[in-house]
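1. I need the structure of the sequence given here:
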Amino acid sequence: MATLGGAQALGLADEIGTLAPGKQADLIVVDLDKPHLQPFYGDYPALVYYAKTEDVVASVVAGRIVMRDRRILGFDADAALAAVKRRMPRWRGLLRDLGSPALAGDACLC
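-> Numbering: from 1, shown residues only. Coordinates of the predicted model:
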């Protein structure tokens with residue numbers, strides 16, 4: 001129901017819902033050689049319950065590789081972190097003006 005049934009409900013069964021040539025697909029590659037995923041008997045619901053984000057090795061979105069060897073392609077993490085740090089003073093002020101309890105007293109979001 002989550003794949004083909006969902007695609008049919010949305011009227012998109014010709015585009016998504018099954019792995020077939022010409023259809024859109026998002027895939028992940030999971031490293032199953034982790035103690036918390038063993039033993040693995042092909043029980044895919046176990047991935048949902050036990051796999052962690054750091055177990056994902058690669059990701060493909062609409063046929064385009066977006067993560068390989070646990071690294072997001074075309075994403076500069078250092079630049080993103082610098083952008084967040086530049087915005088922190090403004091966000092801190094907005095939170096304070098909204099009465100955030102996290103900023104009461106000596107709390108600091110530095």
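2. name the single longest helix found in this structure.
-> Identified as the longest helix of the chain according to DSSP state H is helix 77-97.
3. domain parsing for the protein?
-> Using automatic domain parsing, the domain ranges for the chain come out as 22-72, 76-110.
4. pick the most deeply packed of the ones you listed.
-> Among the domains of the chain, ranked by average contacts under mean count of other Cβ atoms under 10 Å, first place goes to domain 22-72 (a mean of 12). Heads up, the C-betas are built off the backbone N, CA and C, glycines and all.
5. so Glu15, which of the three states?
-> Here Glu15 is coil, with the state taken from DSSP: H, G, I helix; E, B strand; the rest coil.
6. Asp55 versus that one, what's the distance?
-> 29 Å (Cβ to Cβ, to the nearest Å).
7. now the host helix or strand of Gly6: buried residues?
-> If you go by DSSP states H and E, Gly6 is part of helix 4-9. Across helix 4-9, burial judged by 16 or more other Cβ atoms under 10 Å covers Ala7.
8. what about stretch 60-75, how long is it end to end?
-> Distance across stretch 60-75, first residue to last, is 15 Å (Cα to Cα, to the nearest Å).
9. contacts for that stretch, please.
-> Applying Cβ atoms under 8 Å, 6 or more residues apart in numbering, the external contacts of stretch 60-75 come out as 24-28, 54, 56-59.
10. if we use 7 Å, what do you get?
-> For stretch 60-75, contacts defined as Cβ atoms under 7 Å, 6 or more residues apart in numbering pick out 24-27, 57-59.
11. pick out the most distant pair among these.
-> Using Cβ to Cβ, the pair of these lying farthest apart is Gln24 and Val57, separated by 21.4 Å.
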